[in-house]
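K.L.:
test case, fold it:
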Amino acid sequence: MLRSATPHQALLALAGLALGGLAACSGGEPKQASSSVLPLALPRTQAERTALRAVDAFHPERDSALASGGTVVVHTESLPKQLNPLLVNTAYAKRLLQDVHATLMVRGRSGGFEPLLAERVQAVSPTEWEVTLREGVRWHDGQPFSSEDVLFSLSLFRNPEVRCDDLRWQYERLNATATDARTLRFAYAEPYFQAQAALADLPLLPRHLYDLERVQPGQTHDQSARARFVNEHPANRAWIGLGPYRLARFDSAGAELVRFAGWFEPARAGRADTIRWNLQPDPSAAFRAVLSGELDIVAMVTTEDFYSQAAVTAETEGRIVRSLLESPGYWYVAWNQLRPALADVRVRQALAHAVDMDAFVQAHYRGLAARVSGPYPPGSPFCPEDVSAPAFDPERAARLLRDSGWKDLDQDGVLERDGAPLRLELLVQAQNRTAADFGAYYQEALRRVGIALQVTPLELAQLVARRNQREYDAVMLAWAVSAEPDPEQSWHSKHAPAGSAGNNFSALVDAEVDRLIEAGQRELDPARRAELWLALHRRIAEVQPYLFGASPLRKVVSRRALHGLRWQQADPNYVTRELGFARSADAAQGAPR
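P.N.:
Down below sits the predicted model:
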């Protein structure tokens, strides 16, 4: 799934995590403030990772009882254009949707699936499931949720003019029937390893709002009209969902979510009465806002700000807490292989060997981010331990370029082939420190081997539009990676042509990659499937459709009064509605808004 190009650089935890800071004093004595002792090395064992994932792992008062109510103000660096989960698949939309919407099932802490809108999910065969919906669930406008909504939502994937291409490939082969208002049967035509995950995440729309035949009865509407009604519906922004919070405001400044009194499961309903997302594209401005108390939490903090004297002072004074969260994703530079120069694997390999990535990681992340060697991040069971990221070797880079026909015949410092110079444009997200720093660093590294690189900062929407239209040479972005994603959308050749659906915007076409993906999709045995994904990682690392970057942790700064920071794999790597304020807070700093 796409997220902002900012990978969240951070230090990782050691075993025996040292957690400095405030400790509650007894006997009415004042609390003594101090700054946290941050870990100094990457975690290597499961025990180290478990310590890092503990609730409020870095908070000096992490056992405080939390009150219900108040307003939690959260930072976001970007906002989605809309919130219809059928039409938008970005991390920014999912951050809001995790609270204003719900799905049939959710991923539990153990990694399995737990019913949510479903009351019961029973596997009938390897390709069939029977689902009983929870009784009494209502949309935020008060209308009942039923099997009709589920069937209608699934039917929209069959309309080619509905703009759901990011997800269509996964749902167009799923069929469903309903026996009554609460019971459905789902079936895939053939075994599919992600069938249950797809069923769990099926985007659900309220039929009473989106079905044109129901909204305008007695009229005849063609496929185009029905699709246009969904694509342009005002509820795409004024979203009516099924979550524990309803959308009260969504504009250019952010979004405000307020508790939905009619939600069906109070235990999961969240602590705050209101969650307010404030937009601030500049991470340093957001950092200053959390220091001043305008924001409660910022989870996109630069290295400079995280370790600044201002942060240390604010933490010592008891105003903020600095925390680190695992962020199982990575940033990358994708190469557009529809460009003749980049279609040659030797050129892509040269582009990897030309840059000293280890030196960049050392300087930019203080050496405490992991290099990425292929599509699965370090720590994934599908990332082979014997595959290393390309080593810095400018002589090998020069040799690969010569072998592919690139020479500096006019001695101007830029290589040419067939009269065309080797000039590339790298698109990066504006106001992104990592992108700016790496762009300048990479530009100089490529200059030394005869490649001219132009770095072009763009707003995220412009950058994604050019990427989707294949109007780029190179683009720097990041992936938030789930535990076991389906690699088809990103790497299968069916998604390579310009204008096609999916995220194979590097236009990779490789028969072995296709074979491994197709075999993995059909393989239901986890061990055998893991071998296929390991082989896929090796093959993609060899053909280098990306310059794979780094996988650091997310650096978080929050107000000292805020508690409940719990890790989750999905972006933004914490559960927003579990945030709250200590029941014993007695100062203005700690009182719920």
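
K.L.:
right, and the helix or strand after the lowest-mean-pLDDT helix or strand in the chain?
P.N.:
Taking mean pLDDT, DSSP states H and E as the measure, the helix or strand of the chain with the lowest value is strand 2-3, at a mean of 35. Downstream of strand 2-3, the next assigned helix or strand under DSSP states H and E is helix 46-52.

K.L.:
show me the helices in the stretch 101-250 of the chain, by range?
P.N.:
147-155, 165-171, 195-200, 207-210, 212-215, 223-231 (DSSP state H, counting those that start in this stretch).

K.L.:
who wins for proximity to Thr103 among those helices?
P.N.:
Thr103 lies closest to helix 195-200 among the helices of the stretch 101-250 of the chain, at 5.9 Å (CB to CB). Yep, even glycine has a C-beta here, placed from its N, CA and C like the rest.

K.L.:
which elements pack onto the closest one?
P.N.:
Applying 3 or more CB pairs under 8 Å, 6 or more residues apart in numbering; DSSP states H and E, one finds that helix 195-200 contacts strand 105-107, strand 113-115, strand 118-125, strand 128-133, strand 174-178.

K.L.:
how about these in JSON lines, adding mean neighbour count?
P.N.:
Converted to JSON lines, the helices and strands packed on helix 195-200 look like this (neighbours: other CB atoms under 10 Å):
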{"stretch": "strand 105-107", "mean neighbour count": "19"}
{"stretch": "strand 113-115", "mean neighbour count": "16"}
{"stretch": "strand 118-125", "mean neighbour count": "14"}
{"stretch": "strand 128-133", "mean neighbour count": "18"}
{"stretch": "strand 174-178", "mean neighbour count": "15"}
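
K.L.:
please produce JSON lines containing those strands, extended by mean pLDDT and distance to Gln337.
P.N.:
Converted to JSON lines, these look like this (pLDDT from 0 to 100; distance: least, CB to CB, whole Å):
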{"stretch": "strand 105-107", "mean pLDDT": "93", "distance to Gln337": "34"}
{"stretch": "strand 113-115", "mean pLDDT": "94", "distance to Gln337": "36"}
{"stretch": "strand 118-125", "mean pLDDT": "96", "distance to Gln337": "40"}
{"stretch": "strand 128-133", "mean pLDDT": "97", "distance to Gln337": "38"}
{"stretch": "strand 174-178", "mean pLDDT": "96", "distance to Gln337": "31"}
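
K.L.:
quick one: which of these is nearest Pro80?
P.N.:
Comparing the helices and strands packed on helix 195-200 by CB to CB, strand 105-107 comes nearest, at 20.6 Å.

K.L.:
who does that closest one touch, helix- and strand-wise?
P.N.:
strand 113-115, helix 195-200.

K.L.:
redo the ones you listed as TSV? Include distance to Ser482.
P.N.:
Formatted as TSV, the helices and strands packed on strand 105-107 follow (distance: least, CB to CB, whole Å):
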stretch	distance to Ser482
strand 113-115	13
helix 195-200	8
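
K.L.:
just checking: what are the partner strands of the helix or strand encompassing Tyr330?
P.N.:
Taking DSSP H and E as the definition, Tyr330 sits inside strand 329-335. When pairs are called by DSSP bridges, strand 329-335 turns out to pair with strand 474-480 (antiparallel), strand 546-548 (antiparallel).

K.L.:
hey, where'd the strands end up in the stretch 301-450 of the chain?
P.N.:
320-325, 329-335, 370-371, 416-417, 420-421, 423-429 (DSSP state E, counting those that start in this stretch).

K.L.:
what helices and strands are in contact with the third one?
P.N.:
In terms of contacts (3+ CB pairs under 8 Å, 6+ apart), strand 370-371 is packed against helix 357-365, strand 550-551.

K.L.:
other SSEs contacting the shortest one?
P.N.:
This points to strand 550-551. strand 329-335, helix 357-365, strand 370-371.

K.L.:
same thing but at 7 Å, please
P.N.:
Secondary structure elements in contact with strand 550-551, counted by 3 or more CB pairs under 7 Å, 6 or more residues apart in numbering; DSSP states H and E, are strand 329-335, strand 370-371.

K.L.:
my read: Thr127 touches Tyr188, true?
P.N.:
Yes: using CB atoms under 7 Å, Thr127 is in contact with Tyr188, at 4.7 Å.

K.L.:
more neighbours: the two, which one.
P.N.:
Tyr188 (18 against 15; other CB atoms under 10 Å).

K.L.:
any idea how far Leu524 is from that one?
P.N.:
Distance from Tyr188 to Leu524, counting by CB to CB, to the nearest Å: 11 Å.

K.L.:
so for this protein, the centremost residue is which one?
P.N.:
Ala480 (3.4 Å; CA atoms, centre = their mean).
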